[in-house]
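1. What would the 3D arrangement of this be:
(4 chains, ligands or ions: 4)
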Amino acid sequence: MEKGLHNEISNEKLVSLYREMVRVRLFDDKMGEFYARGLCPGTLHLSTGQEAVAVGVCANLTKEDLVTSTHRAHAHTVAKGTPMNVTAAEILGKVTGCCRGRGGTMHLSWPEVGMLYSSSIVGAGAPLAVGAALSATLRKTNQVIASFFGDGAANTGGFHESLNLASIWKLPVVFVCENNLYAISVSVKRSTSVKDIAVRAKAYNMPGFAIDGNDVIEVYKTARIAVERARKGEGPTLIEAKTYRHHGHYYGDPGTAYRTKEEVEEWKKGDPIVRHRKYLLERTIASEEQLNNIDKEVEEEVAEAEKFAIDSEFPGPEELERFVF
Amino acid sequence: MEKGLHNEISNEKLVSLYREMVRVRLFDDKMGEFYARGLCPGTLHLSTGQEAVAVGVCANLTKEDLVTSTHRAHAHTVAKGTPMNVTAAEILGKVTGCCRGRGGTMHLSWPEVGMLYSSSIVGAGAPLAVGAALSATLRKTNQVIASFFGDGAANTGGFHESLNLASIWKLPVVFVCENNLYAISVSVKRSTSVKDIAVRAKAYNMPGFAIDGNDVIEVYKTARIAVERARKGEGPTLIEAKTYRHHGHYYGDPGTAYRTKEEVEEWKKGDPIVRHRKYLLERTIASEEQLNNIDKEVEEEVAEAEKFAIDSEFPGPEELERFVF
Amino acid sequence: MSTQREINMAEALNEAMREEMRRDPTVILMGEDVGVLGGVYGVSKGLLDEFGPERVRDTPISEDGFVGAGIGAAITGLNPIVEIMYPDFLPCAMNQITNHMAKLRYMTGGQLTVPLTIRSAIIQGRGSGADHAQTLIPWFVQTPGLKVVVPSTPYDAKGLLKTAIRDKAPVMFFETAKLYLNKGPVPEDEYLIPFGKADIKREGTDLTIVAICNLVLEALEAAKELEKEGIKAEVVDPRTLVPLDKETIINSVKKTNRIVVVDNNPSACGVAAEIAAIVAEEAFDYLDGPIMRVATLQIPEPVAPPLIKLMLPNKEKIITAAKKLF
Amino acid sequence: MSTQREINMAEALNEAMREEMRRDPTVILMGEDVGVLGGVYGVSKGLLDEFGPERVRDTPISEDGFVGAGIGAAITGLNPIVEIMYPDFLPCAMNQITNHMAKLRYMTGGQLTVPLTIRSAIIQGRGSGADHAQTLIPWFVQTPGLKVVVPSTPYDAKGLLKTAIRDKAPVMFFETAKLYLNKGPVPEDEYLIPFGKADIKREGTDLTIVAICNLVLEALEAAKELEKEGIKAEVVDPRTLVPLDKETIINSVKKTNRIVVVDNNPSACGVAAEIAAIVAEEAFDYLDGPIMRVATLQIPEPVAPPLIKLMLPNKEKIITAAKKLF
Ligand SMILES: Cc1ncc(C[n+]2csc(CCOP(=O)(O)OP(=O)(O)O)c2C)c(N)n1
Ligand SMILES: Cc1ncc(C[n+]2csc(CCOP(=O)(O)OP(=O)(O)O)c2C)c(N)n1
Ligand SMILES: [Mg+2]
Ligand SMILES: [Mg+2]
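-> Numbering: from 1, shown residues only, chains lettered A, B, ... in the order given. Ligands and ions are numbered 1, 2, ... in the order given. Here you go, the predicted structure:
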């Protein structure tokens, strides 16, 4: 990463990065609890341990900017500003959910804050982002599109076609690869021909950055470069943020058939929230009390969302055939 | 290209490269004539001007080695040693054709000389080559697989997935991109994010060579490096051979809606056969007479294939439902 | 006066796109060779000149990518037309089509709409081999959320394409290359043809023949011959398969009590199967005999011309099937 | 004695692969998470340990690439099994499946054979959303050159998978995840089940119910209830859709004169449509009433459990349809 290109980040922003990460974490924790209580249809993929990526990127986006997400959708959805209540309700399949209980955990969407769509088909969100960016360009909206995907997705044909399209058409897309080292059980070492996925940017004549995805400040700064480039019409960027998921692939997967306990423990030590909290405290950017207050506020926000989601109804039969066309 | 890695090429080989290019050229000319006479079902794609690539690569392969080809299939088919008569008959849809008149010009196949299959779906031959290479590896046959495709194909998802697979599994594939600067009417400058497609090899951690595809000796030498690597179990290589088609995309396409006459004329001056002939004569590797004799012999070979194809019958109704399963 | 004008189907389609692009600046066209070349069959000729390279866009060979991009553009305010040269290449984009294009509106509870039209030209019977010969129409009829259009005349092609472009739902629009040069009356004045309205291309009382695409013409030829033998066949062209005008088909069967369904697809789970199943369920009591299907054979298409002829439906096969009902 | 043994469908499938891999060294297994994890549902558990990473191969997420590689391996002497986790991801590989897997043998005049088996686990109704809920079976039935297998019991699953692996033709093998833990008798001795032989899962004289996959169990439940009301339903499980045992279905209809076809797909151009069309054409004279289809609704699958229940076929819907025929 090119250093020193940017002004210091304001203390306010640094604290808000903390708050956003806590929001993502506690929301995910609640969803895990919902799942354990048998309340969630389908399977659930949490981003615990990966919060810095969604938060660091989305902190550079305006409300008009758009995000495409994946099967692991909660973090991006919350970080992009979707209210927790409609998100939680959706995950439970309730009619008050952002998608009226049709999409569920893997297909969150709330365009009014720029949360465009989460595609649970690995790699399939990138072409949507390219199209949204083309649309933004032709409609001259000056929007930037951030497209999140995993390491596994970087081996799909859709990734290749999308990066090429975005490059030749100089589109305002920031491709964000959350490299958590595994696609379900398959280690990136066994699936991927390059050590740094960011190297693949060269194949599309765009800048590529391989960064520490558990350092929210590094993510934030790198995304800023990419977002500014996109905003100025200079085209797409590929960011590879190395991170790790603390849970298994889905909630309930112990995640140990393919990872050693030591590896998991080692990565947990690098928990991005703990790290950033320490950073704020050590530099006295925020006090213990201030951060505890944030934690508490977020807990309340989550509790409200919980109540909203639990109290909501499932869609009735009249919903069944609406919006097919 | 790494120079000096190899011994000189024998005179015999150099002359045989000439012969093979003439075989490809005259065969294609005859097929164009067939088409003009209304004898060919479907459309026809000729390799006139691109002969050096097929010939330079195939000259490094044994009969057991395999080739996958494309909609522009004649050159590879002939260069890999498929008899001209069954090839010509196939192009006319005759029952004596290599595929009994079911595949036609774009789907040539003659496994007994290693001409595995031509897929007319752009980019779709690469995964087949990967699978054939996996098979060769598991069955320990020591075969190498050369997979030909165009510049247009390098933008397909299948290309990306195939190169990644071949790399992680260290498979004996030589990926040969015939970059003739256009995919139908679309210039590679407008479709492709990199100047040299060979650069994309970096995205798969394999060697990539961008070479003059109209210099049969350079093609031959580069392919030798790649084939040797593959044969030794060192994995795949990407070769990008820059070349040009003298005809339009298909026979009958004037090819001038998207290319200037000047551009076409300029490239015709670099005709690989004329160039190689000159090379042989200037260095007195072969005499004018010798080369004229070769031309004549090839003309006779083509004439025989013509007679065979024309005299052959179309498949009868009993053929219709054979080999569906 | 204006109804006298005759143009061919390629021209009719070109006019439809041109008019809609003039009317609505959010309409764009993307695909391989649609710009500089004006399409491999010339259907988009002149559009690049009139609307410029931002709105008429040659793409790399990346069907999955640019269909996905068409969807991404459609859900964010554009109204794209995406051309897939031949239906045989639609499988390259099936993931985006089935998992996004068809479903995004439903899955987001109506938050997103996908006003995308995919055009593709069937080249069945051209002799280019089995992977340049499919329509794949039944796949799209099977997939909930897609509308499916199958015009047989220049008039229908123009009116239906304009409707498709304006429709907020995703539309699969199947053209038939061998009809491109067929001429027919097309009014100069603007018109639209609503989806879900079958057209009775010929009236009759003794037999219903349902056919699509170029097979409508074969059915009309067959009907002419059958008339000579005293059988008055009614030829119904559904024009759109989703939505399907069941009513017109069933009413025709109520009148004729006999039906032959003609399909340019292999029979298994094909279009004829669906129409047959509807009639067998909803008009059973009106049937005097079995429901006959005339479809392509259940084999890949060979290249040899005599074999192609054997595998495709045609006038003669329709007549043979029809006569079995009398 | 050995026929007494009961195992579940996942175990039965595991045994089928294990036995075939022991028998034939050219059999390999490829797919996402089939190795180290043993499959997301454990169907390939232990195979990596027994056969090693050369023959049991975890793949990157590259469906088009590794299905294509499976085909390339199949035409050059291997006998691969490729797992696509759920059918919803088959569209990513449709190009290789429809344009190569299904057609290479025909197009090369029999020079190439494609002894490839693709396995995939239907998760319809799981609540994972519309792109994790499809079977897409009708697309493959429509495509000439593919065989299509749809087992409903552990016994059938094992015998049919062994046949699929040995078959020289390409086979699409559809498993149903909600049946994986269902137990049933499976002999310890080796057996194969031939393709194209339907199984009459229950005999009856008054009504034919044709059903596939998990819906065979719903049909059996429905038949039990109907019996209480004096209706003796025969439940026919085709087991393979290509080849389809038309004879058994038609003979059943000849006996019962009534038919309900139950399909886990949307009705349009679905499996039920095809079976209905066959019966309407070939057994029309034996029918006493309309051919009833009970299929999933023609909508994407929502996540909310009460809506899922409304959209899928079940015992009650089968009973309702059946009663309309009496
Ligand atoms: C095309 C496709 N293939 C397979 C799957 C099944 N699947 C769901 S998540 C997943 C792993 C994704 O890995 P990665 O992209 O690294 O994202 P992560 O789960 O690590 O966040 C797989 C294989 C899918 N959803 N889509
Ligand atoms: C997937 C797919 N899309 C589109 C086509 C139509 N098509 C046939 S050849 C061709 C251009 C191929 O260009 P390139 O790969 O550069 O090969 P060249 O024709 O130049 O040899 C196209 C678009 C196809 N056959 N397959
Ligand atoms: Mg991952
Ligand atoms: Mg080219």
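
2. residue contacts, the closest residue to C:A69 other than its chain neighbours?
-> Nearest non-adjacent residue to C:A69, counting by CB to CB, 6 or more residues apart in numbering or on different chains: A:G131, 3.6 Å away. (Glycine included, C-beta is placed from N, CA and C.) By CB atoms under 8 Å, 6 or more residues apart in numbering or on different chains, the contact set of A:G131 is C:68-76, C:80.

3. between these, which is nearest A:E33?
-> Checking those against A:E33 with CB to CB, the nearest one is C:I75 at 32.7 Å.

4. and C:I319, which of the three is it?
-> Three-state call for C:I319 (DSSP: H, G, I helix; E, B strand; the rest coil): helix.

5. Which single residue in the stretch 151-300 of chain C comes nearest to ligand 1?
-> At 20.4 Å from ligand 1, C:P170 is the closest residue in the stretch 151-300 of chain C, using CB to the nearest ligand atom.

6. so how far is the helix or strand containing the residue nearest to C:A69 from its chain's centroid?
-> In the assignment (DSSP states H and E), A:G131 maps to helix A:125-138. Mean C-alpha position of helix A:125-138 versus that of the full chain (CA atoms, centre = their mean, to the nearest Å) differs by 18 Å.

7. which is the next helix or strand following it?
-> Remark: after helix A:125-138, the chain's next helix or strand is strand A:145-150, criterion DSSP H and E.

8. That next one pairs with which strands, parallel or anti?
-> As defined by DSSP bridges, the strand partners of strand A:145-150 come to strand A:66-69 (parallel), strand A:173-179 (parallel).

9. looking at it, A:S162 is touching A:A133, isn't it?
-> No - counting by CB atoms under 8 Å, A:S162 stays clear of A:A133, with 9.9 Å between them.

10. Quick check: chain neighbours aside, which residue is closest to whatever residue of the stretch 51-200 of chain A ends up closest to chain B?
-> Going by CB to the nearest CB, chain B is nearest to A:G157 of the stretch 51-200 of chain A, at 1.7 Å. With CB to CB, 6+ apart as the criterion, A:G157 has its nearest non-adjacent residue at 1.7 Å, and that residue is B:G157.

11. burial measure for the one you found, as a count.
-> By the measure other CB atoms under 10 Å in any protein chain shown, the count of residues near B:G157 is 31.

12. wait, what's in contact with it?
-> By CB under 8 Å, 6+ apart, the neighbours of B:G157 are A:156-161, B:123, C:62, C:64-65, C:92, D:64.

13. So it versus C:F284, what's the distance?
-> Going from B:G157 to C:F284 by CB to CB, to the nearest Å gives 47 Å.

14. Kindly report the same for C:S252.
-> C:S252 sits 15 Å away from C:F284, going by CB to CB.

15. who's more crowded, those two?
-> More neighbours surround C:S252 than the other of C:S252 and C:F284, with 27 against 18 (other CB under 10 Å).

16. Over to that one: give its phi and psi.
-> phi -60, psi -40 (degrees, to the nearest 10).

17. Surely it is in contact with C:T208?
-> Yes - between C:S252 and C:T208 there is a contact at 4.2 Å, judged by CB under 8 Å.

18. Next, show the common contact partners of these two.
-> With CB under 8 Å, 6+ apart, C:S252 and C:T208 have common neighbours C:234, C:236, C:259.

19. And those, which is closest to B:N179?
-> Checking those against B:N179 with CB to CB, the nearest one is C:V236 at 50.9 Å.

20. before we move on, what SS does the closest one have?
-> Here C:V236 takes the strand state, with states given by three-state DSSP.

21. and it, how many residues sit next to it?
-> Per other CB under 10 Å, the neighbour tally for C:V236 reads 29.

22. Skipping adjacent residues, who's closest to it in space?
-> Per CB to CB, 6+ apart, closest to C:V236 is C:V210, 4.8 Å.

23. Now do the phi/psi pair for the one you found.
-> Note on C:V210: its backbone torsions stand at phi -100, psi 130 [degrees, to the nearest 10].

24. count of neighbours near it?
-> If you count neighbours by other CB under 10 Å, C:V210 ends up with 27.

25. Briefly note if the helix or strand encompassing A:A210 comes near chain B.
-> Under the criterion DSSP H and E, the helix or strand holding A:A210 is strand A:208-212. No - with CB under 8 Å from any CB of the partner chain as the criterion, chain B is not reached by strand A:208-212; the gap is at least 10.0 Å.

26. Wait, C:A211 touches C:E234, no?
-> No - with contacts counted by CB under 8 Å, C:A211 stays clear of C:E234, the gap being 11.2 Å.

27. These two: which is more packed in?
-> It is C:A211, of C:A211 and C:E234, that has more neighbours when counted by other CB under 10 Å, with 30 against 25.

28. and the gap between whichever residue of chain A sits closest to ligand 1 and chain C?
-> As assessed by CB to the nearest ligand atom, ligand 1 sits closest to A:G150 within chain A, at 2.3 Å. Relative to chain C, A:G150 is positioned 17 Å away (CB to the nearest CB, to the nearest Å).

29. neighbours around that residue, how many?
-> Neighbour count of A:G150, defined by other CB under 10 Å: 26.

30. same thing with A:K278?
-> Neighbour tally, A:K278, other CB under 10 Å: 11.

31. element containing it, please.
-> helix A:272-282.

32. how far away is A:E299 from ligand 2?
-> To ligand 2, A:E299 is 52 Å away according to CB to the nearest ligand atom, to the nearest Å.

33. Does that residue touch A:R23 like I think?
-> No - the pair A:E299 / A:R23 is not scored as a contact, 10.1 Å apart, by CB under 8 Å.

34. Looking at those two now, which is surrounded by more residues?
-> Taking neighbours as other CB under 10 Å, A:E299 and A:R23 compare with A:R23 leading, 21 against 14.

35. how about the strands in the chain?
-> Using chain A. Listed in chain order, the strands of chain A (DSSP state E) span A:66-69, A:115-118, A:145-150, A:173-179, A:182-183, A:186-187, A:208-212, A:237-242.

36. my bad, chain C
-> All strands of chain C, identified by DSSP E, fall at C:6-8, C:27-31, C:56-58, C:79-84, C:117-122, C:147-149, C:171-176, C:183-185, C:199-202, C:207-210, C:233-237, C:240-242, C:259-266, C:292-296.
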